[in-house]
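Trainee: Test case, fold it:
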Amino acid sequence: MIDRKRVIILIQLTIFLVALFLLYNTYRDKNKIPINVMLIEPETDPDTNSFTDIEYSGFDLNGNRYTLNAVQADFKTETPEIIKMEGVVANFYLKDNTILKVVSNKGLYNTITLNMDFTENVKSTYLTNNLFSDQLTYSNSESKLLASGNVRGESVEKGEFFADNVEYSLTDKTLELSMFGNERVNVKLKN
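Mentor: You can find the predicted model right below:
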C-alpha cells in the first residue's frame, strides 16, 4: 500500500509539473512588451556649443558702436572666439549718426579681433545706397569693408555699378571699385 501511494503521488507530481510547464510556456510571452532598441546619435558635434537668438554689441577700434544679431550660432570648444552664425543682421552706428546695416544668410564673428565675415545673399544698406555681394568682410583693425563676388551697388541719387571687389573705408567714407583681369568696372550714373 505504501508503494501504491508513492506511485499515485509520483503520478500526481508528474501531472502537476507538466501542467505547470504548459501554463508557463503558454503565457510567458503574453506580458512581454517588445523592446525596440534604437541608437540615438547626437545631431551636432559634441565639441560644438550651439545657441539661438544671440546678440553681440560693442565698439570698434574707431569708437563706432555696433550690434550683431543672429538667429542661430555655434562655436567649437577649441576655438570659442570664432562664432559661426546663421540669419545675421549687423548694424554699425557711425560717429556721424548714420547707420550701416548688413544682412546675410551666414557669418563669422571673431570675439577677440572683432572682425566679421558675412556670406550668402549679403545686402548692405547705407543711407540711400545698397550694396549686394556674395561676401562682405569687416576688418576692425583697418576700419574697412571689403565686398567681393557678384558685387552690385545701387544708389537712389547716383545710379548703379557692377564690380568684382569693392572696398569701403568707414573712416574716410571712400569707395574703391576693382575688377579681376582686364575687365572694366561697369558704372551707370544718373543725370
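Trainee: ranges for the helices of the chain?
Mentor: 2-27 (DSSP state H).
Trainee: hey, which strand is longest across it?
Mentor: strand 79-93 (DSSP state E).
Trainee: What helices and strands are in contact with that strand?
Mentor: strand 48-59, strand 65-76, strand 99-110, strand 116-126 (3 or more C-beta pairs under 8 Å, 6 or more residues apart in numbering; DSSP states H and E). In this view, the C-beta of every residue, glycine as well, is placed from N, C-alpha and C.
Trainee: hey, C-alpha coordinates of that strand in PDB?
Mentor: Provided in PDB are the C-alpha atoms of strand 79-93 (Å, rounded to 0.1, in the frame of the first residue of the first chain):
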ATOM      1  CA  THR A  79      38.200  77.900 -30.800                       C
ATOM      2  CA  PRO A  80      35.500  79.600 -28.800                       C
ATOM      3  CA  GLU A  81      36.400  83.100 -30.200                       C
ATOM      4  CA  ILE A  82      35.200  82.100 -33.700                       C
ATOM      5  CA  ILE A  83      31.400  82.200 -33.800                       C
ATOM      6  CA  LYS A  84      29.600  80.700 -36.800                       C
ATOM      7  CA  MET A  85      26.200  82.400 -37.300                       C
ATOM      8  CA  GLU A  86      23.100  82.000 -39.500                       C
ATOM      9  CA  GLY A  87      20.400  84.600 -40.200                       C
ATOM     10  CA  VAL A  88      22.800  87.500 -39.500                       C
ATOM     11  CA  VAL A  89      21.900  91.200 -39.100                       C
ATOM     12  CA  ALA A  90      24.600  93.700 -38.200                       C
ATOM     13  CA  ASN A  91      24.200  97.500 -37.500                       C
ATOM     14  CA  PHE A  92      27.100  99.900 -37.400                       C
ATOM     15  CA  TYR A  93      26.200 103.100 -35.700                       C
END
